[in-house]
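> what follows is a predicted protein model with its sequence.
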Amino acid sequence: MREPSDYSDHFAERLRALGLVPVLIGALAANRYRRAPRLTIDVDFLTRSLDGVQAALEGDGLEVRTMADPGEAPHVAFIRGDGIRVDVIAAQTEYQLQAIERAVDGVLTVEDVIIHKLIAWRARDRDDVEQILAAGHVLDHVHLDRWVEAWQVEDRWAEAQRFAG
C-alpha cells in the first residue's frame, strides 16, 4: 500500500480540476497539528458535493463506490486502486460548510480538526485531540465552544482537556 501523504496532493488537484473545493480532514489534517505525526492508511477530504467524482475517477481506472440515502445524491465516495485509499465526503451540515470556509491552504483549521475528532471519538481520535492540545496551539475557543455544544460533545471535550492537562 502506498503512503497516503504521497498521493493526497494529487487527489486534491484532481478534485479541484472537477470544480470542487477539497479540504483535507482526518489523520493527515490532524498530523499538521499534532506534536508527532501518526500513521494512517487513507486520505480524507470534505467537499461541498461529489459532482463528477465517480465518472471522472472511474475514467482514471479507479474503483469508486458511493453511499447515499434513498432518493438523495451520494454523500460519500470511497476511491480505491493501486494502493490508493481516498474517502471524499460531501458536506451535509451547516458546520461542515463552515469548516470548508474556515480551512486554510486546503486543510481544516486546528479547531475544526478537534471538532471532527470529538464527534468521531474513536481511540485514535482521542489520541489526535490529546496530541493536538499538547502541541500548545492557540485555539479559537468561541468557535470550539459553539460547535462542541451544537454537537453535544461537551463531555468528550472536557475529558480531552483533562487528559491534555
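Yep, that arrived. Numbering: from 1, shown residues only.
> any idea how far the nearest residue to Ala103 once chain neighbours are set aside lies from Arg102?
Excluding the flanking residues, the one nearest Ala103 by C-beta to C-beta, 6 or more residues apart in numbering is Val23, at 4.3 Å. Using the backbone N, CA and C atoms, a C-beta is placed for each residue, glycine as well. In this structure, Val23 lies at 9 Å from Arg102, with C-beta to C-beta, to the nearest Å as the measure.
> more neighbours: these two, which one.
Under the criterion of other C-beta atoms under 10 Å, the comparison of Val23 against Arg102 puts Val23 first, with 28 against 14.
> ok, now which ones touch Ala56?
The neighbours of Ala56, taking C-beta atoms under 8 Å, 6 or more residues apart in numbering as the test, are 14, 18.
> who touches both of Val23 and Arg102?
Counting by C-beta under 8 Å, 6+ apart, the shared contacts of Val23 and Arg102 are Leu108.
> hang on, the earlier thing: show me what contacts the residue nearest to Ala103?
45-47, 99-100, 103, 106-108.
> how close does it get to Gln161?
The separation that Val23 has from Gln161, given C-beta to C-beta, amounts to 25 Å.
> repeat that for Arg32.
Applying C-beta to C-beta, the value for Arg32 to Gln161 is 20 Å.
> how many other residues sit next to the closest residue to Arg35 other than its chain neighbours?
Once its chain neighbours are removed from consideration, Arg35 has its nearest residue in Ala135; the separation is 4.7 Å (C-beta to C-beta, 6+ apart). Neighbouring residues of Ala135 were enumerated by other C-beta under 10 Å; the total is 13.
> can you give me the buried ones in stretch 84-103?
Residues 84-91, 95-96, 99-100, 103 are the ones in stretch 84-103 that count as buried (16 or more other C-beta atoms under 10 Å).
> what's near enough to touch the residue nearest the centre of the chain?
Per C-alpha atoms, centre = their mean, the C-alpha nearest to the average position across the chain is that of Ile25, at 2.0 Å. Remark: with contacts taken as C-beta under 8 Å, 6+ apart, Ile25 is in contact with 44-46, 89, 108, 113, 116.
> which residues does it bridge with?
On the basis of DSSP bridges, Ile25 is bridged to Asp44.
> any idea how far it is from Asp145?
Counting by C-beta to C-beta, the gap between Ile25 and Asp145 amounts to 21 Å.
> what does Ala12 give?
Between Ala12 and Asp145 the distance is 30 Å, computed by C-beta to C-beta.
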